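Undergrad: Provided below for reference: sequence and predicted model.
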Amino acid sequence: MRSREPYEADHPRAVPRSRIVLVVRTAVCALMVTPVLRWAVIAHAVRVGRPWRRTCPRCTTPLGPRGDMVAISAVARCGRCGQRLGPPPGAVEVGVALSAAGLVFSGMRGLPLIAYGWWAAVGIVLAFVDLAVQRLPARLMFGMPSRSARQPPGQGG
Ligand SMILES: [Zn+2]
């Protein structure tokens, strides 16, 4: 029989402390990964045949860890010129928060949690890239064997 935590024994309807710790830990991890996902969306949301977007299209300030970190934050604007970049402010962060909450409350632990977390992160990036440019970047579609699954009919590249 599994022992209950002391607080849980005193308050049978309370949320277990271990669940709260898991939620806080997951929220911190989600907040840390969100700028990386936003950067991936901005970089990959380009037309077919174009190179990744590494700079602000207006002022050419580099984006990401070596440049403008404001652009890959929830602000979603270039820190230098104010140009809006990528998904709307907070959109990626809400997607990550909902995915993280779903993973926490699924009860998964260990490797399955990591695997589903990775899958959710890639899915979030693909969803926002697809919304922005109506295509999915081949670089992020490593698991898709079919060409028709990656591209809508009638589009090449
Ligand atoms: Zn700019």
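TA: Great, that's in hand.

Undergrad: show me what counts as buried in the lengthiest helix in the chain.
TA: Longest helix in the chain, counting residues (DSSP state H): helix 17-44. For helix 17-44, burial by neighbour count (16 or more other C-beta atoms under 10 Å) applies to 22, 26, 30, 34-35, 37-44. Placement of C-beta: from N, CA and C, glycine included.

Undergrad: stretch 84-100 too?
TA: Here stretch 84-100 shows Leu85, Gly86, Pro87, Ala91, Val92, Glu93, Gly95, Val96, Ala97, Ser99, Ala100 as buried, counting by 16+ other C-beta under 10 Å.

Undergrad: so the last one sits against Ala27, correct?
TA: Yes. Using C-beta atoms under 8 Å, Ala100 and Ala27 qualify as a contacting pair, with a distance of 6.6 Å.

Undergrad: returning to what we had before: and the longest helix of the chain with the ion, contact?
TA: No. Contact of helix 17-44 with the ion (C-beta under 5 Å from the ion) is absent, the minimum separation being 11.9 Å.

Undergrad: so what does that helix touch, helix or strand wise?
TA: helix 91-106, helix 110-133 (3 or more C-beta pairs under 8 Å, 6 or more residues apart in numbering; DSSP states H and E).

Undergrad: where does the protein dip in pLDDT?
TA: 1-15, 142-157 (pLDDT under 70).
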